[in-house]
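**Q** Sequence and predicted structure are below.
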Amino acid sequence: MLVCNVVGARPNFMKIGPVVQEIARRGLPQILVHTGQHYDAEMSQVFFDELGLPAPDVYLGVGAGTHARQTSAVLVAFEDVCLRSRPDLVIVGGDVNSTLGAALAAAKLGIPLAHVEAGLRSFDRSMPEEINRVLTDHLCDLLFTTEASANDNLTREGIAPARVYFVGNCMVDSLMRHVQMARRRFPWNAFGVAPRGYALVTLHRPGNVDDPGVFEGLVQAINRVAALLPVVFPMHPRTDERFRQSGVRLAPAVHIDGPLPYLTFIGLLAEARCVLTDSGGVQEETTALGVPCLTLRRNTERPVTLQLGTNQLVGTDPERIYRSVERILAGGEQTGGHPPLWDGRAACRVADVVERWASGGKGEAVDRALLPAAGGRGS
Ligand code: UD1
């Protein structure tokens, strides 16, 4: 039984990392493949170092490109890996182009496939991630979900509930394991801001940064927020490039930086007064930490963060964003609780299922007796 884990882009590392570690702890043979979608040290290597991940066994070096080029480069290169190493199970995570490329290669070779963070849906096909999510899920044999909406989405799409395992959130495993250590590094000092005294901003979605009108509106909103409290803004390479191209300027109270290492970022996240983001993962991390989050999008594929967490969808209108921050500073933030199974043990549940599945016999159907009792609603 050989498990092949695939990672490619920054948000994969903290989701698949705990699974790799848990599978290693149980002594199951595995390999780790890095597609190289994200290749800069600060987008990739630093996460391996800080999360304590083993070096990838295989690095595909696909790099940047259009969606078709990037996805097809992963498809071709990962097929070779599968043909060489003949894994019995491929595990992919999240919704990036690497996820879909690797999933497609495995499925076409008839290799059983598992998806960590299955079933999330924004119902917005203009997001490349939505296409990656839907297609990956429909290729999978084992689907590991983070929230109840994902179970419902998969059922609605006709995926057999017996394949679906509600395991919780592997990214929250990473967060819980590292956040105290991250706080003890006092990452806010480097920006000259105080705990609970700054807003943290992340922005990288093509829909927000590639459209000049939307981008300028968001910059205007961030500059207005900076008049209320200092802003820390670590910049994704795509966003950095848009700033260079557009010539729009940020106010002096906005402290900019490049992509931050994991521990620096989650330390800043944990002590932010509020967070403004268009990231999927950050919506979940703020909910897990109880930090108010304003999501600069029209939709979210993670509705549990709105229902049970600290997240609010505010869109991209500068006035609405500014008013929402004002409300938070006046004490009107949305408080939240912990979504079910976001308890630091999700990867353990994934590994339980993988182990049971493996003992059910290579290439055979999953042993029905080991499957979740309530139609995929519990592990
Ligand atoms: C990808 C994911 C997105 C995820 C994001 C997190 C897809 C479709 N999108 O978007 O879901 O939220 O990662 O960061 O897979 N670049 C660098 N250095 C790097 C990596 C990228 O400079 O290490 C540059 C590339 O040259 C490219 C741009 O950043 O111009 C975008 O990279 P890409 O991997 O295409 O997508 P992301 O926007 O990062």
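**A** Alright, I've got the coordinates. Residues are numbered from 1 along each chain as shown.

**Q** What segments of the stretch 101-250 of the chain are helices?
**A** In the stretch 101-250 of the chain, the segments counted as helices under DSSP state H, counting those that start in this stretch are 128-139, 148-156, 170-183, 206-209, 212-225, 237-246.

**Q** ok, and the closest non-adjacent residue to I321?
**A** Nearest non-adjacent residue to I321, counting by C-beta to C-beta, 6 or more residues apart in numbering: A221, 4.1 Å away. Backbone N, C-alpha and C define where each C-beta goes, glycine included.

**Q** how deep is that neighbour tucked in, by neighbour count?
**A** A221 has 24 neighbours, counted by other C-beta atoms under 10 Å.

**Q** Now do the SS call for the nearest residue to M176 once chain neighbours are set aside.
**A** Sequence neighbours aside, G344 is the residue nearest to M176 in space, at 4.0 Å (criterion: C-beta to C-beta, 6+ apart). In three-state terms, and counting by DSSP: H, G, I helix; E, B strand; the rest coil, G344 is coil.

**Q** mind listing what G344 touches?
**A** By C-beta atoms under 8 Å, 6 or more residues apart in numbering, the residues touching G344 are 172-173, 176-177.

**Q** Of these, which is the nearest to P87?
**A** Closest approach to P87 among these (C-beta to C-beta): D173, at 22.9 Å.

**Q** The residue nearest to that closest one when sequence neighbours are not counted: what's it in contact with?
**A** Spatial nearest neighbour of D173, excluding adjacent residues (C-beta to C-beta, 6+ apart): P18 at 4.1 Å. For P18, the contacting residues are 170, 173-174, 177, 346-347, by C-beta under 8 Å, 6+ apart.

**Q** again, only using 10 Å
**A** 51, 53, 116, 169-177, 344-348, 350-351 (C-beta atoms under 10 Å, 6 or more residues apart in numbering).

**Q** Show me what counts as buried in the helix ranked longest in the chain.
**A** The single longest helix within the chain, with elements called by DSSP state H, is helix 67-85. The neighbour-count check on helix 67-85 (16 or more other C-beta atoms under 10 Å) flags 70-75, 77-79, 81-82 as buried.

**Q** cool, stretch 243-252 as well?
**A** Of all the residues in stretch 243-252, those buried under the rule 16+ other C-beta under 10 Å are 243, 250.

**Q** burial count for the nearest residue to G337 once chain neighbours are set aside?
**A** Distance criterion C-beta to C-beta, 6+ apart; nearest residue to G337, sequence neighbours excluded, is L308 at 5.4 Å. A count of nearby residues for L308, using other C-beta under 10 Å, gives 17.

**Q** didn't L308 look like it was pressed against T287?
**A** Yes - L308 is within contact range of T287, at 7.3 Å (criterion: C-beta atoms under 10 Å).

**Q** Find the residues that touch each one of those two.
**A** 336-339, 342.

**Q** Can you pull the residues of this protein lying near the ligand?
**A** Taking C-beta under 6 Å from any ligand atom as the measure of proximity, the chain contacts the ligand at 9-11, 37-40, 43, 64, 95-97, 128-129, 204, 236-238.

**Q** Strands along this structure, start to end?
**A** 3-7, 30-34, 58-59, 89-93, 113-118, 142-145, 164-166, 199-202, 231-234, 254-257, 274-277, 293-295, 311-313 (DSSP state E).
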